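# sequence first, predicted model second:
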Amino acid sequence: MFNWFHRKTKKADSEAVSEPTEQVTTPETETSSQETTQEDYLAWAKTAYKNIQQGQPSTETPPETTQEDVTPDIEPETLEVAEPVTETETEQVPAWMKKSDRLEALKETAMETATVEDTTPLTFDEEFVWSAKVLAAQGRAPDDVSQEEINWLKRLRQGLGKSRLGLVNQLKSIVGQGPLNEDAVMEIEALLLQADTGLEATDYIISTLQNKLLEEALPPEQALEYLKSILREILDRPLQKVVNPGFAPEKDVLNIWLLTGVNGAGKTTTIGKLSHLAQQSGYNCIIAAADTFRAAAVQQVQVWGERTNTPVIANPGKNTDPAAVVFDGISAAQARQADLLLVDTAGRLQNKKNLMAELAKIRRIIDKKAEKAQVESLLVLDATLGQNGLRQAQVFSEAANLSGVVLTKLDGSAKGGVALAVAKQLDLPIRFIGVGEGIEDLRPFSSYEFVEALLNE
Ligand SMILES: Nc1nc2c(ncn2[C@@H]2O[C@H](COP(=O)(O)OP(=O)(O)O)[C@@H](O)[C@H]2O)c(=O)[nH]1
Ligand SMILES: [Mg+2]
């Protein structure tokens with residue numbers, strides 16, 4: 001079971017790529033230079049691949065360096081494939097849930113969709129090597145890499161494909177020309193703005209880059225590395241003022257995460273994915289369906305609950321008070337000693353006053369009924385809305401005391417730069433990112449991995 005909330009990643013050095021680990025040190029690198037070469041990464045990737053394939057950690061296997069080994073002639077039988085949820089579902093559904101006929105009916109549909117489980121086969125391809133490189137650069141050892149991480153990095157990179165294509169090559173050619181002249185500045189500015197990076201972040205990036213290039217002329221590769229470090233710095237800065245930089249549920253206390261955001265942003269989907277992530281990482285999770293405004297919304301949450309084996313607390317009555325559902329959710333969480341209560345909220349944005357009143361009421365209930373709980377408010381933001389999404393975000397940040405942002409729908413959007421705008425304009429850390437509709441398509445945010453996925457060819 002892979003724990004996504006406690007990944008062993010050390011922050012990669014802002015400018016230099018970290019050195020290869022012992023297992024992959026080949027005689028050539030020992031004698032030649034400190035620099036990590038492409039071959040080192042390839043050897044690292046091969047070792048990681050073999051280790052994952054064998055399904056057990058091993059440092060004994062010497063990395064092969066012959067090209068033949070790269071060919072993806074792998075037997076799929078040896079792969080570790082995630083077990084389908086449906087097999088055990090019947091026993092694990094709590095008794096109170098079985099009583100409802102409607103839920104039984106919903107389960108039927110949920111079963112059909114439950115095959116969305118991550119069963120991506122393991123293949124040694126270009127994407128595997130890229131993913132391995134990203135992990136290696138973060139100081140990871142090849143015997144300590146999971147297939148899940150590789151799969152996620154692949155999805156992240158694919159998801160950011162559209163944003164990346166517009167940026168990289170052009171940036172590289174511009175950035176590599178030494179001190180930026182006015183034309184170059186304007187070109188980079190346009191590229192960043194096209195990716196919805198926003199004026200503030202774009203200005204900051206350009207002036208920082210310009211200062212550096214005035215100091216010293218950097219070759220294209222290094223200039224690009226420097227640019228990446230600027231982006232990481234922007235993304236990480238909001239974390240300086242927060243107590244929970246890793247954003248994992250705290251142990252031995254009830255964690256309550258409120259998911260807010262406009263309709264269609266991806267709140268319910270995110271709740272489903274988060275419950276899966278939490279269960280997988282060993283947290284006992286419950287969902288409160290407090291978007292009581294639309295009946296369909298509650299059903300949608302219930303389907304996700306079935307899919308991820310997470311109890312859903314809902315009140316199917318008409319005009320149910322969301323705060324009352326949260327109250328019931330807390331009771332259930334306390335009775336079951338759950339670690340995490342995920343609260344789906346309504347996304348009506350007809351006026352800020354109503355929104356504030358509703359969220360404030362939920363907070364009051366929480367404070368009263370679960371005063372020791374660790375409460376976090378996450379704003380779910382649709383990346384495809386770009387700068388327009390930021391304006392909505394402003395309203396929510398005034399209505400709710402936000403702990404961070406979940407950026408959804410980065411896949412298929414060319415507006416990946418909006419992540420930088422979120423950090424710079426809203427001063428909020430990005431906590432999770434969604435790159436698809438599938439159950440595995442959401443993970444904790446890593447600025448290093450995001451920037452690599454955004455700016456690597
Ligand atoms: N492509 C893509 N679609 C997403 C993502 N997250 C959510 N969606 C889709 O966005 C739509 C609205 O999501 P939903 O969770 O119902 O939004 P809510 O109204 O905020 O609860 C659904 O069709 C989701 O499948 C994502 O990361 N990528
Ligand atoms: Mg919803």
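Thanks, I have the structure now. Ligands and ions are numbered 1, 2, ... in the order given.

# all contacts plus neighbour counts: C-alpha atoms, from now on.
Will do.

# what residues are up against residue 381?
261-262, 265-266, 389, 393, 405-408 (Cα atoms under 8 Å, 6 or more residues apart in numbering).

# correction: residue 52
143, 145-147.

# list the contacts of whatever helix or strand residue 270 lives in.
Here residue 270, judged by DSSP states H and E, is contained in helix 267-280. Under the contact criterion Cα under 8 Å, 6+ apart, helix 267-280 has outside partners 1-4, 259-261, 284-287, 297, 300-301, 304-305, 308, 310, 342-345, 380, 434, 437-443.

# could I get the helix or strand where residue 368 lies in CSV with only the CA atoms?
Residue 368 belongs to helix 352-369 when assigned by DSSP H and E. Listed next in CSV are the C-alpha coordinates belonging to helix 352-369 (Å, rounded to 0.1, in the frame of the first residue of the first chain):
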residue,chain,number,x,y,z
LYS,A,352,-21.2,36.3,-1.4
LYS,A,353,-23.3,36.9,1.6
ASN,A,354,-25.2,33.6,1.3
LEU,A,355,-22.0,31.7,0.7
MET,A,356,-20.4,33.3,3.7
ALA,A,357,-23.4,32.6,5.9
GLU,A,358,-23.5,29.0,4.8
LEU,A,359,-19.8,28.3,5.3
ALA,A,360,-19.9,30.2,8.6
LYS,A,361,-22.7,28.1,9.9
ILE,A,362,-20.8,24.9,9.0
ARG,A,363,-17.8,26.2,10.8
ARG,A,364,-19.9,27.0,13.9
ILE,A,365,-21.2,23.5,14.0
ILE,A,366,-17.7,22.1,13.6
ASP,A,367,-16.4,24.3,16.4
LYS,A,368,-19.2,23.3,18.7
LYS,A,369,-19.3,19.6,18.0
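
# off-centre distance for that helix?
27 Å (Cα atoms, centre = their mean, to the nearest Å).

# in terms of secondary structure, what does it contact?
helix 322-335, helix 387-399 (3 or more Cα pairs under 8 Å, 6 or more residues apart in numbering; DSSP states H and E).

# what residues sit buried inside the shortest one?
Buried residues in helix 387-399, counted by 16 or more other Cα atoms under 10 Å: 387, 389-390, 393, 395-397, 399.

# if you count neighbours, what's buried in the helix holding residue 368?
Within helix 352-369, the residues that qualify as buried are 355-356, 358-363, 365-366, counting by 16+ other Cα under 10 Å.

# mind putting these into CSV with pLDDT and distance to residue 126?
Formatted as CSV, the buried residues of helix 352-369 follow (pLDDT from 0 to 100; distance: Cα to Cα, whole Å):
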residue, pLDDT, distance to residue 126
355, 79, 47
356, 80, 48
358, 85, 49
359, 86, 46
360, 87, 49
361, 90, 51
362, 92, 48
363, 90, 48
365, 94, 51
366, 93, 48
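
# among the helices and strands packed on helix 352-369, which is nearest ligand 1?
Ligand 1 sits nearest to helix 387-399 of all these, at 12.6 Å, using Cα to the nearest ligand atom.

# for residue 303, give its distance to ligand 1.
Note on residue 303: its distance to ligand 1, by Cα to the nearest ligand atom, to the nearest Å, is 12 Å.

# let me know the pLDDT of that residue.
Looking at residue 303, its pLDDT is 96.

# do the same with residue 159
pLDDT at residue 159 comes out at 88.

# without its sequence neighbours, what residue ends up closest to it?
residue 411 (3.8 Å; Cα to Cα, 6 or more residues apart in numbering).

# okay, now the unreliable bits of the stretch 151-300 of the chain?
166, 169, 176-178 (pLDDT under 70).

# return the residues of it in contact with ligand 1.
262-269 (Cα under 6 Å from any ligand atom).

# by neighbours, which of these wins?
residue 267 (29 neighbours; other Cα atoms under 10 Å).

# how about the strand of greatest length in the chain, does it reach ligand 1?
Using DSSP state E to define each element, the chain has its longest strand at strand 374-382. No - residues of strand 374-382 are not located near ligand 1 by Cα under 6 Å from any ligand atom, the shortest gap being 7.1 Å.

# now do that strand: distance to the chain's middle.
13 Å.

# relative to helix 352-369, how tilted is that strand?
150 degrees (axes from the mean of the first three to the mean of the last three Cα atoms, to 10 degrees).

# strands paired with strand 374-382, and their directions?
strand 255-260 (parallel), strand 404-408 (parallel) (DSSP bridges).

# out of the ones you listed, nearest to residue 135?
Proximity to residue 135 (Cα to Cα) singles out strand 404-408 among the strands paired with strand 374-382, at 22.2 Å.

# how about the residues of the stretch 351-457 of the chain by ligand 1?
So the stretch 351-457 of the chain meets ligand 1 at 408-409, 411, 434-437 (Cα under 6 Å from any ligand atom).

# list the ones among those that fall in strands.
Secondary structure from DSSP E places 408, 434 of these in strands.

# min pLDDT across the residues of the stretch 351-457 of the chain next to ligand 1, which one?
Lowest confidence among those: residue 411, with 91.

# can you pull the contacts of that residue?
Shown in contact with residue 411 (Cα under 8 Å, 6+ apart): 156, 158-162, 434-436.

# of the residues you listed, closest to residue 454?
Checking the contacts of residue 411 one by one against residue 454 (Cα to Cα), the nearest turns out to be residue 160, at 6.0 Å.

# where does the closest one fall, phi/psi-wise?
phi -90, psi 10 (degrees, to the nearest 10).

# would you agree it is in contact with residue 413?
Yes - the criterion here is Cα atoms under 8 Å, and residue 160 meets it with residue 413 at 7.4 Å.

# with neighbour numbers in mind, choose between those two.
residue 160 (24 against 21).

# how near is residue 130 to residue 390?
Between residue 130 and residue 390 the computed distance is 31 Å (Cα to Cα, to the nearest Å).

# thinking again about what came up before, the longest strand of the chain vs helix 387-399, what angle?
160 degrees.

# still on that earlier bit, and the buried residues of helix 387-399, which two are furthest apart?
Maximum pairwise distance among the buried residues of helix 387-399 (Cα to Cα): 19.2 Å, between 387 and 399.

# what is the nearest of the contacts of residue 52 to ligand 1?
Using Cα to the nearest ligand atom, the contacts of residue 52 come closest to ligand 1 at residue 147, 20.7 Å.
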